[in-house]
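# This is the structure alone, sequence omitted:
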């Protein structure tokens, strides 16, 4: 049994939120530079150059890359041999979010009730997905998620016989209908299988990967590549002003599912691909 | 590149989709909650000749007038936009497509839609020289801010004559049938 004081969790969550909001995510600087070299549209080039300049200014400030510093999503893998001391696990995570957003001049974008809509004032609560795994380590993925791209995300409950082509159609439809609103170029997280909610969680989890990292299964990796090529034929381009680069990368996660179903969730992410990993 | 200063007048009606603009002067932010309140309670400021910026800034770090302040998705304000145009609004600044009803109102009232680069919040924040809350301080990040900006980089996304970058440009780069 390994004891971990929850103040350590609070401290690491706070630090990760700030880092994530001020610096481009892993792989994104390279993705932006690559997109700039591929883009043919003059307006698209202008947009990508501004995003590269923006990243430099943000890191030097430090200032948030984007004023929408998001609602914080936390994926936690907690070793079953860990014993937390000094409080309540979820409250310790929330306290880290509170500290980062209040002390770090990040925007408070969370309302305490979806219908009555009073701002919670400290960007809490976060959305926490916790799994218990073997071992005595705690791994956290801290992902402040902006809503320009979140709002354009979709869930499809396909028929099983729609198969690979159905999945491709669903993703192309989502990105096509989103147009310029989710701040393209985007990273596209796809969750395939499981149940309705599991597909959505997988789509989000797919976005925790470093940008452009392929799925470990070569068949899934091949499908990611094929979908990316389809998306970049759409012509939407940076900011929706036309161009060759509509998406930087496609990340897909899968899970076994029911004989009657083929759930597909598509979660979009803008260039502010904020994710930080913490190991305790 | 066109350098312009607010307040704006009928000259905006000659601007064309794709024109790059460097905007200086006073602009006002308003997003979802502020628009809803304006629709319910009336206008907190005269919109005649003004530009609205669909944005909610991040808080100012020490020594700066404001934090990051890029555009939010304009489409969420579509239902409210004609109300402001009827008051004499001359420019809307945001990102993403607009509804047909908004484009129609733009022609009727002589208002342009300018796009700022979504996600370039730090860079756009650098253009802000002064900032103060002008209305609805209780809305927090959704309050109406009066910003004095200098050379804010924008592009005319939809003009008053039917030009629309979101519609005219993607087909030029589209390939094949897709799926």
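Arrived safely. Computed from a prediction, not measured in an experiment: that's the story for all the values here.

# Now do the strands in the chain.
In the absence of a named chain, chain A is used. A:2-5, A:71-79, A:82-85, A:127-133, A:138-145, A:154-158, A:186-194, A:247-257, A:262-269, A:276-279 (DSSP state E).

# I was thinking of chain B, sorry if that wasn't clear
Counting by DSSP E, the strands of chain B are B:2-5, B:20-29, B:51-53, B:91-94, B:112-115, B:128-135, B:144-158.

# mind listing what residue A:1 touches?
Residues counted as contacts of residue A:1 (C-beta atoms under 8 Å, 6 or more residues apart in numbering or on different chains) are A:81-83, A:136. Just so you know, the C-beta spots here come from the backbone N, C-alpha and C atoms, and that holds for glycine as well.

# Deepest-packed of the strands of chain B, please.
By mean neighbour count, with neighbours taken as mean count of other C-beta atoms under 10 Å in any protein chain shown, strand B:51-53 ranks first of these at a mean of 28.

# Does it reach chain A?
No: using C-beta under 8 Å from any C-beta of the partner chain, strand B:51-53 never reaches chain A; the gap is at least 11.2 Å.

# helices or strands next to that strand in the packing?
strand B:20-29, strand B:91-94 (3 or more C-beta pairs under 8 Å, 6 or more residues apart in numbering or on different chains; DSSP states H and E).

# ok, 10 Å please
strand B:20-29, helix B:81-86, strand B:91-94, strand B:112-115, strand B:144-158 (3 or more C-beta pairs under 10 Å, 6 or more residues apart in numbering or on different chains; DSSP states H and E).

# average pLDDT across the first one?
Same thing as strand B:20-29. For strand B:20-29, the mean per-residue pLDDT is 98.

# For stretch A:269-280, buried residues please.
Residues of stretch A:269-280 classed as buried by neighbour count (16 or more other C-beta atoms under 10 Å in any protein chain shown): A:269-276, A:278.

# and those residues near chain B, which?
For chain B, the contacts drawn from those by C-beta under 10 Å from any C-beta of the partner chain are A:270-272.

# rewinding a little: which members of the contacts of residue A:1 are the farthest-apart pair?
Maximum pairwise distance in these, criterion C-beta to C-beta, is 9.3 Å, between A:83 and A:136.

# ok, the two, which is more surrounded?
More crowded of residue A:83 and residue A:136, by other C-beta atoms under 10 Å in any protein chain shown: residue A:136, with 15 against 9.

# shared neighbours of residue A:83 and residue A:136, anything?
A:1-4 (C-beta atoms under 10 Å, 6 or more residues apart in numbering or on different chains).

# filter those to the buried ones?
The buried subset of the shared contacts of residue A:83 and residue A:136 (16+ other C-beta under 10 Å) comprises residue A:4.

# Export the shared contacts of residue A:83 and residue A:136 as CSV, with columns for pLDDT.
Supplementary listing: the shared contacts of residue A:83 and residue A:136 in CSV, determined by pLDDT from 0 to 100:
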residue, pLDDT
A:1, 91
A:2, 96
A:3, 97
A:4, 98
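
# Which single one of the shared contacts of residue A:83 and residue A:136 is nearest to chain B?
Minimum distance to chain B across the shared contacts of residue A:83 and residue A:136 is 31.7 Å, recorded for residue A:4 (C-beta to the nearest C-beta).

# Does that closest one touch residue A:136 like I think?
Yes: Residue A:4 is in contact with residue A:136 according to C-beta atoms under 10 Å; the separation is 8.9 Å.

# shared neighbours, those two?
Common contacts of residue A:4 and residue A:136, defined by C-beta under 10 Å, 6+ apart, comprise A:78-79, A:82-83, A:280.

# which two from those residues end up farthest apart in space?
Within the shared contacts of residue A:4 and residue A:136, two members stand farthest from each other by C-beta to C-beta: A:83 and A:280, at 12.6 Å.

# Give the residues shared as contacts by those two.
The contact lists of residue A:83 and residue A:280 share A:2, A:4, A:136, where a contact means C-beta under 10 Å, 6+ apart.

# In chain B, what residue lies closest to chain A?
Chain A sits closest to residue B:169 of chain B, with a gap of 2.7 Å, by C-beta to the nearest C-beta.

# any idea how far residue B:176 is from the closest residue to that residue other than its chain neighbours?
Leaving aside its chain neighbours, residue B:169 sits nearest to residue A:242 (2.7 Å; criterion: C-beta to C-beta, 6 or more residues apart in numbering or on different chains). Per C-beta to C-beta, to the nearest Å, residue A:242 is found 16 Å from residue B:176.

# ok, how many other residues are close to the residue in the stretch 101-250 of chain A positioned nearest to chain B?
Distances between the stretch 101-250 of chain A and chain B by C-beta to the nearest C-beta are smallest at residue A:242, namely 2.7 Å. Applying other C-beta under 10 Å, we find 26 residues neighbouring residue A:242.

# Contact partners for it?
Contacts of residue A:242 (C-beta under 10 Å, 6+ apart): A:40-44, A:180, A:235-236, B:165-174.

# mind running it again at 7 Å?
Neighbouring residues of residue A:242 by C-beta atoms under 7 Å, 6 or more residues apart in numbering or on different chains: A:41, A:43-44, A:235, B:169-170, B:172-173.

# One more: residue B:27?
Counting by C-beta under 7 Å, 6+ apart, residue B:27 touches B:6, B:51, B:53, B:93, B:147, B:149.

# Tell me the spacing between the residue most central in space within chain A and residue A:82.
Compute the mean C-alpha point of chain A, and by C-alpha atoms, centre = their mean the closest residue is residue A:207, 4.1 Å away. Residue A:207 is 26 Å from residue A:82, where distance means C-beta to C-beta.

# Kindly report the same for residue A:164.
Distance of residue A:164 to residue A:82, given as C-beta to C-beta: 40 Å.

# With neighbour numbers in mind, choose between the two.
Per other C-beta under 10 Å, whichever of residue A:164 and residue A:82 has more neighbours is residue A:82, with 17 against 12.

# Surely that one and residue A:4 touch.
Yes: Residue A:82 lies in contact with residue A:4 (C-beta atoms under 7 Å); the separation is 5.8 Å.

# Contact partners for the most centrally placed residue in chain B?
With distances taken as C-alpha atoms, centre = their mean, residue B:93 lies nearest the centre of chain B, 1.4 Å away. The contact partners of residue B:93, taken as C-beta under 7 Å, 6+ apart, are B:27, B:51-54, B:71, B:114, B:116, B:154.

# and the gap between it and residue B:127?
Separation of residue B:93 from residue B:127 (C-beta to C-beta): 11 Å.
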